[in-house]
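**Student:** I would like to see how this sequence folds:
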Amino acid sequence: MELSRKELFKYLGTLGLAVLVITYLWYSTTEVMGKLKGALLIAGGLLVLISVIANFGDILASFQKRSTRLGANSALVMLAGIAIFAFVNFLGYRHHKKIDLTAEKLYSLSDQTIKTVSGLQKDIKVYYFNKTDEPVADEVEKYRYYSKRITYERVDLQARPEMANQFRGVRPGETVVAAGNRTEKLTTVDEQSLTSAIMKVTRDKAKTVYFLEGHGERELTGGGPEGYQGVDTKLKGDNYDTKSVNLVTSNKIPDDCSVLVLAGPKKALLAPEAEMIKKFLNDGGKVLMELDPEADPELADLVKDWNIEIRKDTVLDTSGVGRLFGTGPAVPLVIQYGSHPITKDFGRNSMTFYPLARSIKGESKGDITVTDLLTTSEASFGETNLKGNEAKFDEGQDTKGPLTLGVAATKKVGEKEARLVVIGDSDFASNAYQRQSANGDLFVNAVNWLAQEEDLISIRPKSQTNRDVQLTSTAQNILFWLTLVLPLAVIGAGIQIWWKRR
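**Tutor:** Prediction:
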């Protein structure tokens, strides 16, 4: 059966439309035009144009018919609907928004990550070495929402074995973050690890934070409840090197010390050690002091030069709010924060806990500026005598709340600015408490401010809370009757009624 000339051109027009639709769908999935797609669009358009020209007379004649006009109106309405849908879809693609309804915002990036990614000055390439994209592609896409400097590529090592040599023997399932000639390898990909890797490949040489030792301080790498392993990991995640230093054996504060941390010294520092710290500050150094009650490291004279007083008390909170979190009066809760870079992202929902803390008092005077960071509730007071385990407010001896648990101070030293943070507790950053609400963030923010890395100050990535519901045996029985027995009884009654009526 031979086709007439008109029928041939009609089929060519249909073929042209099919080519245009298929090419558009292909483009929409890849978002890359390319020479082949461009050629197909031109070819499809030409086929449609030739068909219209060849059948122009028939097309005009068909529009004279009433049925054609009605069909054309319907087609126009349909095309208008498609156009509106396409326009809305385009707006959604160019200006899409995401809403995260989880309690911990698990599917949203933290303030720290957003700040880091939005300020990228270098191009980042993320390579995932596997045969499938999941779940790394989804994680990287969250980052690309805030910066187009980040690109992603999945690499099949079987198809491209040379990539293993390029990235020092990378294995399937691993991820490499690259910026220029700097790379960081990851075995697992989550927000904390990916953000840390981006910092490491984009920032200059890591600064060093030294932790003083030799006086019963918290152990930097200690994994027990009293240790500081948790905040040590957080600091390394912010691209810091961390080390311990004994001033008696080293006889000086290392030259590469960006921040010196005194994490709860229990014994008095020797006079030469205190003098070294004083000189370090006077030369524009940065120091974080965490000073527990019932311990006297004999640093009162040193901080007095900064208009700061270390009170000899233990802060108690009698509001009873601690019972909601399984703590007592000796663990004051803070939700009031000073106006300072360290705590600028802390709202009233950012709680911090301070087990066995002392109060601190400071004032700005002369060339020294002191800012209160942490303020307790009005129901707190500074107990000066805990003998016999009796805790009651004694007028004239104890200090009535609200009290300050931490201050930040600055002092101009020539062209430099010395910085000092004093907090009346070291437990808050221990492994036992650093994951409680914003405790860990407070410690790392203090170090970031001291190290003059203000762009790192923020609320850090969250970990998922276990929300499994533990049911009692009674609750399990009730659930069994409501979800299984009762529905079966209703179904059985319905079947019985139907059978009788039948």
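**Student:** which stretches of the stretch 201-350 of the chain have low pLDDT?
**Tutor:** Judged by pLDDT under 70, the stretch 201-350 of the chain has no weakly predicted residues.
**Student:** those strands in it, which residues are they?
**Tutor:** Per DSSP state E, counting those that start in this stretch, the stretch 201-350 of the chain carries strands over the ranges 207-212, 240-245, 257-263, 286-290, 308-310, 314-317, 333-334, 336-337.
**Student:** mind checking which of those is nearest residue 350?
**Tutor:** Residue 350 lies closest to strand 336-337 among the strands of the stretch 201-350 of the chain, at 7.5 Å (C-beta to C-beta). In this view, the C-beta of every residue, glycine as well, is placed from N, C-alpha and C.
**Student:** number of nearby residues for the closest residue to residue 121 other than its chain neighbours?
**Tutor:** Using C-beta to C-beta, 6 or more residues apart in numbering and skipping residues adjacent in sequence, the residue nearest residue 121 is residue 202, 7.3 Å away. The number of residues packed near residue 202 is 20, by other C-beta atoms under 10 Å.
**Student:** Equivalent analysis for residue 365, please.
**Tutor:** Counted with other C-beta under 10 Å, the neighbours of residue 365 add up to 10.
**Student:** Likewise for residue 220?
**Tutor:** Residue 220: 21 surrounding residues under other C-beta under 10 Å.
**Student:** Just tell me which of the strands of the stretch 201-350 of the chain ends up closest to residue 130.
**Tutor:** Nearest to residue 130 among the strands of the stretch 201-350 of the chain is strand 240-245 (31.0 Å), distances taken as C-beta to C-beta.
**Student:** Off-centre distance for that closest one?
**Tutor:** 24 Å (C-alpha atoms, centre = their mean, to the nearest Å).
**Student:** picking up where we left off before, closest one to residue 146 among the strands of the stretch 201-350 of the chain?
**Tutor:** If we rank those by C-beta to C-beta, the stretch that ends up nearest is strand 240-245, at 23.7 Å.
**Student:** Neighbouring strands of the closest one in the sheet, and parallel or not?
**Tutor:** Strand 240-245 has the following sheet partners, assigned by DSSP bridges: strand 207-212 (parallel).
**Student:** follow-up on the earlier one: my read is that the residue nearest to residue 121 contacts residue 124, right?
**Tutor:** Yes. Counting by C-beta atoms under 8 Å, residue 124 is a contact partner of residue 202 at 7.2 Å.
**Student:** Report the set of residues contacting both of the two.
**Tutor:** residue 179 (C-beta atoms under 8 Å, 6 or more residues apart in numbering).
**Student:** Run a quick neighbour tally on residue 283.
**Tutor:** Neighbourhood size, residue 283 [other C-beta under 10 Å]: 12.
**Student:** Stretch 477-487: end-to-end distance?
**Tutor:** The first residue of stretch 477-487 is 15 Å away from its last residue (C-alpha to C-alpha, to the nearest Å).
**Student:** Could I get the average pLDDT for it?
**Tutor:** Mean pLDDT, stretch 477-487: 78.
**Student:** Centre of the chain to that stretch, how far?
**Tutor:** Centroid separation for stretch 477-487 versus its chain: 42 Å, with C-alpha atoms, centre = their mean.
**Student:** What of stretch 129-146?
**Tutor:** Its chain's C-alpha centre and that of stretch 129-146 lie 17 Å apart, by C-alpha atoms, centre = their mean.
**Student:** quick one: contacts for the nearest residue to residue 180 once chain neighbours are set aside?
**Tutor:** Excluding the flanking residues, the one nearest residue 180 by C-beta to C-beta, 6+ apart is residue 122, at 6.7 Å. By C-beta under 8 Å, 6+ apart, the residues touching residue 122 are 149, 179-180, 201-202.
**Student:** Residue 452 too?
**Tutor:** Taking C-beta under 8 Å, 6+ apart as the test, what residue 452 contacts is 286, 419.
**Student:** 59 is where my numbering starts, stick with that
**Tutor:** All set: I'll call the first residue 59, so the last point we hit is now residue 510.
**Student:** still on that earlier bit, for residue 531, find the nearest of the strands of the stretch 259-408 of the chain.
**Tutor:** Taking C-beta to C-beta, strand 391-392 is the member of the strands of the stretch 259-408 of the chain nearest to residue 531, at 35.0 Å.
**Student:** List the contacts of that closest one.
**Tutor:** Residues from elsewhere that reach strand 391-392, judged by C-beta under 8 Å, 6+ apart: 375, 379-380, 383, 385, 409-412, 432-435, 463.
**Student:** Direction included, what does it pair against?
**Tutor:** According to DSSP bridges, strand 391-392 has the following sheet partners: strand 410-411 (antiparallel).
**Student:** Give me the distance from the strand it pairs with to the chain's centre.
**Tutor:** 19 Å.
**Student:** which element follows that strand toward the C-terminus?
**Tutor:** With elements assigned by DSSP states H and E, the helix or strand that comes after strand 410-411 is strand 418-420.
**Student:** In terms of secondary structure, what does that next one contact?
**Tutor:** Applying 3 or more C-beta pairs under 8 Å, 6 or more residues apart in numbering; DSSP states H and E, one finds that strand 418-420 makes contact with strand 366-368, strand 462-471, strand 474-481.
**Student:** about what we covered before: so who does the residue nearest to residue 179 touch?
**Tutor:** Neighbour list for residue 260: 178-180, 182, 237, 240 [criterion: C-beta under 8 Å, 6+ apart].
**Student:** repeat for residue 481
**Tutor:** Residue 481 touches 346-349, 415, 418, 431-432, 463-464, 504, counting by C-beta under 8 Å, 6+ apart.
**Student:** Closest one of these to residue 489?
**Tutor:** Of those, the one sitting nearest to residue 489 (C-beta to C-beta) turns out to be residue 348, at 14.5 Å.
**Student:** The helices and strands packed on strand 418-420: which one's closest to residue 535?
**Tutor:** Closest of the helices and strands packed on strand 418-420 to residue 535 is strand 462-471, at 48.4 Å (criterion: C-beta to C-beta).
**Student:** Could I get the buried residue list for that closest one?
**Tutor:** Judged by neighbour count using 16 or more other C-beta atoms under 10 Å, the buried positions of strand 462-471 are 462-469.
**Student:** Going by distance to residue 450, which of those wins?
**Tutor:** Checking those against residue 450 with C-beta to C-beta, the nearest one is residue 463 at 20.7 Å.
**Student:** and residue 430, what are its bridge partners?
**Tutor:** Beta-bridge pairing of residue 430, defined through DSSP bridges, involves residue 465.
**Student:** ok, it to residue 101 distance?
**Tutor:** Remark: distance between residue 430 and residue 101 (C-beta to C-beta, to the nearest Å) = 73 Å.
**Student:** Compare those two (neighbour count), which wins?
**Tutor:** The residue with more neighbours, out of residue 430 and residue 101, is residue 430; 22 against 15, by other C-beta under 10 Å.
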